[in-house]
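*Asks:* model the structure of this input:
(one chain, ligands or ions: 1)
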Amino acid sequence: MLRRQMIASAAAALLAVGFAAGAQAQEAVKIGLILPMTGPFASTGRQIEAAARLYMAQHGTTVAGKRVELIVRDDTGTPDVTRRIAQELLVNDKISVLAGFGLTPLAFATAPLATQAKVPMIVMAAATAAITEQSPFIVRASFTLPQATQPMADWATHNGLKRVASLVTDYAPGIDAEKAFKERFARDGREVVADVRVPLRNPDFAPFLQRVADLKPDALFVFVPSGVGAQFMKQFQERGLDKSGVKLIGTGDLTDDDILNEMGDVALGVVTTHHYSAANPSAANKAFVAAYKAANKGARPNFMGVGGYDGMHLVYEALKKTGGSADGTRMVDAMKGMSWTSPRGPVTVDPKTRELTQNIYVRRVEKVDGQLYNVEFATFQAVSDPAKAR
Ligand code: PHB
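*Replies:* Residues are numbered from 1 along each chain as shown. Below is the predicted model:
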């Protein structure tokens, strides 16, 4: 009797252990991916979600014995909605990672929650330099505006441009771009002859473009966020500025791969600086572009897509380094100093700033096989965020 009881309880204990081990393997690491999926910045959400799903399809959904699960939510591009969704995902869904953040105000609104919850917050898009200073749990997989802009100012300087007008969208990343360009360019007889800011919502470029036509600068430097470039180019052409001899330069946000081909020949010759072009000729990028196109009805990835793809890489590799622990502090520590070959080129997470050190390429819009592309022709190697060097 006693013996039978002992066997039964041993079996029960074994069962319990087995059950616990099974539960452990099944315990998911949930990533809350919060993105603008509707509204004027929906292209950012579409790109990042598609690239994150591609990464998971290529690398599997089990990492270091843990099942990785993606929960995608639409923030509509509104800070209050983003913060509410982040709160719900943390409290109800018990997510281990916050990710996404298509616009700077959305990242700012969520940063305090990442600190409180001690959860990594992977910024895949938003690019104002100060974002990573809002929480020690933020790691950025995109870029910063000063990082992309300073090389543009250097290129303009070395190419003999003297009088440049500046046009940026009137919110934090635009101010970053305007300031970085001016500080770097306006020296030794070079000047920024006008600096204008246009609203984020429903921008009208016409009044400013008229002023540019009158001022006749050597070039016009532009920052508009991803998705807005097509509207700008249309008005640039309507005002006849494409035939006025004013050279168009900017950060690569202007000639965003997602909309570049729709801009038409007016975009030919526009020179921009950025960290990613779908035309980057590396093997890693060719494979990425082909896989992205195959999974998305032939659509081309843009710099937002690559931010989503690399953001997932950060999470997967951090989990491998922690042996599957999703502890926020351990994951962020694991990300610091991480290096890999991204489709954009070689990248490293600067352990001090949690920003990517990466190449910034100078590109010119050209036709390749009948399609418009940002063709890279010069490289500023391993650029870190200059805003944090001060
Ligand atoms: C931003 O809001 O930080 C942002 C959005 C789109 C861009 C660049 C920056 O292309």
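
*Asks:* what segments of the stretch 1-150 of the chain are strands?
*Replies:* Taking DSSP state E, counting those that start in this stretch as the criterion, the stretch 1-150 of the chain carries its strands at 28-35, 62-63, 66-74, 97-100, 121-123, 138-140.

*Asks:* what residues are up against the nearest residue to F143 once chain neighbours are set aside?
*Replies:* If the residues on either side of it in the chain are set aside, F143 comes closest to H275, at 4.8 Å by Cβ to Cβ, 6 or more residues apart in numbering. Glycine gets a C-beta too; all of them are placed from N, C-alpha and C. With contacts defined as Cβ atoms under 8 Å, 6 or more residues apart in numbering, H275 is in contact with F143, Q147, A148, G252, F303, R344, G345, L356, Q358, N359, I360, Y361.

*Asks:* report pLDDT for H275.
*Replies:* Looking at H275, its pLDDT stands at 98.

*Asks:* go on, N202?
*Replies:* For N202, pLDDT reads 87.

*Asks:* low-confidence bits of the protein, can you list those?
*Replies:* For the chain, the stretches with pLDDT under 70 are 1-26, 390.

*Asks:* relative to N92, how far out is the spatially most central residue of the chain?
*Replies:* For the chain, the residue nearest the mean C-alpha position is A125 (2.8 Å; Cα atoms, centre = their mean). A125 sits at a distance of 25 Å from N92 (criterion: Cβ to Cβ, to the nearest Å).

*Asks:* just confirm V315 is within a helix.
*Replies:* Yes - assessed by DSSP: H, G, I helix; E, B strand; the rest coil, V315 belongs to a helix.

*Asks:* now it: closest residue in space that isn't a chain neighbour?
*Replies:* The shortest distance from V315 to any non-neighbouring residue, by Cβ to Cβ, 6+ apart, is to V97 (5.6 Å).

*Asks:* surely that neighbour meets V29?
*Replies:* Yes - with contact defined as Cβ atoms under 8 Å, V97 reaches V29; the gap is 7.2 Å.

*Asks:* which residues are in contact with both of these two?
*Replies:* V315, A326.

*Asks:* the two: which has the busier surroundings?
*Replies:* A direct count of neighbours by other Cβ atoms under 10 Å for V97 and V29 places V97 higher, at 27 against 22.

*Asks:* now T251: how far from the ligand?
*Replies:* From T251 over to the ligand the distance is 8 Å, taken as Cβ to the nearest ligand atom, to the nearest Å.

*Asks:* now that residue: how far from A334?
*Replies:* Going from T251 to A334 by Cβ to Cβ gives 30 Å.
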